[in-house]
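>>> structure for this input, please:
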Amino acid sequence: MVNAIVLINVKRGHVNDVAQRLVQLDGVTEVFSVAGRYDLVAILRTRTNERIADLVTRDIMAIDAIERTETLLAFQVFSEYDLAAMFSIGLD
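Presented below is the predicted three-dimensional model:
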């Protein structure tokens, strides 16, 4: 699995619309509205580097209200959340 984090700046007034469009893209698993230098953070999870490249350079950049992005490619994932989720199946 290839993971990437995309930090996104959006035109004023378009954060919610862009977030909804992003989360519909195949390979975008979560989108967070955040405080700070960026407006949105998108988490990408795909099977190949090529799909990450397509998502960032074609699909995400096709959304007009996006002004700028910065993409971070993950080398390793360390997550207690994922580990806990695996062992809690059926415990809710």
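>>> can you check the pLDDT for Arg12?
According to the per-residue confidence, Arg12 scores 96 in pLDDT.
>>> got a list of what it touches?
Residues touching Arg12, when contacts are defined by C-beta atoms under 8 Å, 6 or more residues apart in numbering, are absent altogether. To be clear about C-beta, it is placed using only N, CA and C from the backbone, and glycine gets the same treatment.
>>> what about it, distance to Asp39?
Using C-beta to C-beta, to the nearest Å, Arg12 is found at 9 Å from Asp39.
>>> and for Arg58?
21 Å.
>>> more crowded one of the two?
Summary of the neighbour comparison: Arg58 and Asp39, criterion other C-beta atoms under 10 Å, with Asp39 having more neighbours (23 against 9).
>>> quick one: contacts for that one?
Ile8, Asn9, Val10, Val15, Val18, Ser33.
>>> for Val23, same thing?
Counting by C-beta under 8 Å, 6+ apart, Val23 touches Glu30, Val31.
>>> what's the pLDDT at it?
In this prediction, Val23 has a pLDDT value of 97.
>>> show me the shaky parts of this protein.
For the chain, residues meeting the criterion pLDDT under 70 lie at 81-92.
>>> ok, now with 80
Low-confidence regions of the chain, defined by pLDDT under 80, span residues 78-92.
>>> what about the helices in it?
Read by DSSP state H, the chain holds these helices, from start to end of the chain: 15-23, 49-54, 80-87.
>>> quick one: buried residues of the first one?
Pointing back at helix 15-23 there. Neighbour counts using 16 or more other C-beta atoms under 10 Å place Val15, Val18, Ala19, Arg21, Leu22 of helix 15-23 among the buried residues.
>>> ok, so of these, who is nearest Arg68?
The nearest member of the buried residues of helix 15-23 to Arg68, counting by C-beta to C-beta, is Val18 at 12.2 Å.
>>> roughly how far does the closest one sit from Ile8?
In terms of C-beta to C-beta, Val18 sits 7 Å off from Ile8.
>>> now do the shared contacts for those two.
When C-beta under 8 Å, 6+ apart defines a contact, the residues bordering Val18 and Ile8 alike are Asp39, Leu40, Ile66.
>>> can you put the residues you listed in CSV and add distance to Asn49?
Output for those, formatted as CSV (distance: C-beta to C-beta, whole Å):
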residue, distance to Asn49
Asp39, 26
Leu40, 22
Ile66, 21
